[in-house]
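Colleague: Need a 3D model of the following:
(chains A and B)
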Amino acid sequence: MFENMFNVELLMDSLPFMGKGMLGIFIVTTVIVTVVNALNSMPDKKDKN
Amino acid sequence: MEMVKDALLTLVRESGFALLTWQEGVMLLVSFLLLFLAIVKKFEPLLLVPIAFGIMLANLPGAGLMDDPAGIMTELAEGATRAHWYENGVLRLIYAGVKSSIFPCLIFLGIGAMTDFGPLLANPISLLLGAAAQLGVYVAFLLARTFGFTVYEAASIGIIGGADGPTAIFLTGKLAPDLLAPIAVAAYSYMALIPLIQPPIMKALTTEKERKVEMKQLRKVSKAEKIIFPVVVAVLCAFLIPSCASLIGMLMFGNLLKECGVTDRLSDVAQNALTNIVTIMLGLTVGATANGAIFLQLKTILIIVLGLTAFSFSTAGGVLLGKLLYLVTGGKINPLIGAAGVSAVPMAARVAQVEGRKYNPTNFLLMHAMGPNVAGVIGSAVAAGFLLSMFG
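Modeller: Have a look, this model is predicted:
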């Protein structure tokens, strides 16, 4: 295992996974934020009365 | 006289003292150290005590508590006869709950029942801080790959940066079960050390002016929003990343039990009895995977170092997005709350509160930090789901 230490090639190969992963998390989060914002704009019964 | 001598010799030969290997001896010392840290220093005692005791039990020579003669989870030696499942060691049988992900999912049910998503609903942008604080997961993943770990091992090491014990155990149990013990010990140890790890990073990345920012009071969240939120998030996440459905689904189910107002008894059981029972079994069996021969390798030290890197980068990710939001909102967001985006509820939120007060004694950041803090739980589960969908 450690003969491969600081293997730049492995680092470069893995970079796309990092990009995909972080992008994926932000996409899911943005969708949830949008839904929560939609929930926020829901009319509150008490306010109407 | 001869008979007594023979009996004594047999006793000594068959006793644990004669069977003890040096690795088991070291692991027993490690377990004593962890027990000391948990009991005397109060480092995550609810988890570290069962984990440490599990390490101790699994390394008692000849006790066989983690033996698997039925070959359910391990390969049988060539020519060995397969025993019945009930002949397995008692901890090996309980460990099935970890291997099958039942325990981490049940812990998530309990966490959901204990979590108030109100601060997050009042300030939805804080969800993004929870996402940014997953940066360390991928930085540690990259570094682990560079050090020659397999993608499965690297993903499991990276998830330490999610600062979420059950998620780390869930993912590691599926991708790299051999690393379960060092990863769980690293994750829980660093969670206990958050008040020491985070402040220097928060200070280094923010200006005094930013740290002094007072945030306006959060709006009141309606009951309907709190009830709809878990249902919508569970469905959305399951549709977007099916592999995180078990964790997010259980988290949101627990939260629905708490918020819906008609299942108080179930919510109470999920928050207390169920979580406590599962914590005992999870901690004990995760600790029991720390077999000396596997644990005492250079790999373990690397995992501990990479785990710290993951925690640090996750904190930095949250704070840096906090700084960006500070700029975008014209100084309305205090970047310190970004550090709470690593889950570790509620410790990370408390750290943000304490650090904020050091620079502005009238500041009250706790509720603002709870938003990113609970968002971090969702973020780490989503990160685990993503890693699982890529490498599972």
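
Colleague: if I pick residue B:92, what's in contact with it?
Modeller: Counting by C-beta atoms under 8 Å, 6 or more residues apart in numbering or on different chains, residue B:92 makes contact with B:65-68, B:72-73, B:288. Quick note: C-beta positions are derived from backbone N, CA and C, even for glycine.

Colleague: Now name the helix or strand holding it.
Modeller: Following DSSP states H and E, one finds residue B:92 within helix B:90-99.

Colleague: Show residues contacting the helix or strand just after that helix.
Modeller: Later in the chain than helix B:90-99, the nearest helix or strand by DSSP H and E is helix B:102-114. Under the criterion C-beta under 8 Å, 6+ apart, residues B:96-98, B:165-167, B:169-170, B:173, B:230, B:246-247, B:250-258, B:267, B:270-271, B:274-275, B:278-279, B:281-282, B:285, B:345, B:377, B:381 lie in contact with helix B:102-114.

Colleague: Emit the ChimeraX select command for whichever of the residues you listed are buried.
Modeller: Burial among those is assessed by 16 or more other C-beta atoms under 10 Å in any protein chain shown; the matching ChimeraX selection reads:
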select /B:97,98,165,166,167,169,170,173,230,246,247,250,251,252,253,254,255,256,257,258,267,270,271,274,275,278,279,281,282,285,345,377,381
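
Colleague: Enumerate the residues of chain A near chain B.
Modeller: Selection of chain A residues close to chain B by C-beta under 8 Å from any C-beta of the partner chain yields A:1-8, A:10-11, A:13-15, A:17-18, A:20-22, A:24-33, A:35-37, A:39-40, A:42, A:44.

Colleague: and those residues, which are buried?
Modeller: Among the residues of chain A next to chain B, those classed as buried by 16+ other C-beta under 10 Å are A:10, A:14, A:17-18, A:21-22, A:24-26, A:28-29, A:31-33, A:35-36, A:39.

Colleague: residue ranges for the helices of chain A, please.
Modeller: Secondary structure of chain A (DSSP state H): helices at A:8-40, A:45-48.

Colleague: how distant is the first one from the center of its chain?
Modeller: It refers to helix A:8-40. Here helix A:8-40 is found 3 Å from its chain centre; the criterion is C-alpha atoms, centre = their mean, to the nearest Å.

Colleague: Give me the helices and strands touching it, please.
Modeller: With contacts taken as 3 or more C-beta pairs under 8 Å, 6 or more residues apart in numbering or on different chains; DSSP states H and E, helix A:8-40 sits against helix B:118-122, helix B:126-132, helix B:135-146, helix B:151-158, helix B:223-240, helix B:366-391.

Colleague: quick one, it and helix B:223-240 angle?
Modeller: 150 degrees (axes from the mean of the first three to the mean of the last three C-alpha atoms, to 10 degrees).

Colleague: where's residue B:35, which helix or strand?
Modeller: Assessed by DSSP H and E, residue B:35 sits inside helix B:22-39.

Colleague: Just the residues contacting that helix, thanks.
Modeller: Helix B:22-39 is contacted from outside by B:43-45, B:48-49, B:51-53, B:55-56, B:58-61, B:185, B:287, B:290-293, B:295-296, using C-beta under 8 Å, 6+ apart.

Colleague: Chain neighbours aside, what residue packs nearest to the residue nearest the centre of chain A?
Modeller: For chain A, the residue nearest the mean C-alpha position is residue A:25 (1.5 Å; C-alpha atoms, centre = their mean). Distances taken as C-beta to C-beta, 6 or more residues apart in numbering or on different chains place residue B:131 nearest to residue A:25, at 4.7 Å, with adjacent residues excluded.

Colleague: and the stretch 251-392 of chain B, which residues reach chain A?
Modeller: Contact residues, the stretch 251-392 of chain B versus chain A (C-beta under 8 Å from any C-beta): B:298-299, B:375, B:378-379, B:382-383, B:386-387, B:390.

Colleague: Throw the residues you listed into TSV and include pLDDT and neighbour count, thanks.
Modeller: Formatted as TSV, those follow (pLDDT from 0 to 100; neighbours: other C-beta atoms under 10 Å in any protein chain shown):
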residue	pLDDT	neighbour count
B:298	89	10
B:299	89	20
B:375	95	31
B:378	94	27
B:379	94	33
B:382	94	30
B:383	95	35
B:386	92	26
B:387	94	29
B:390	92	14
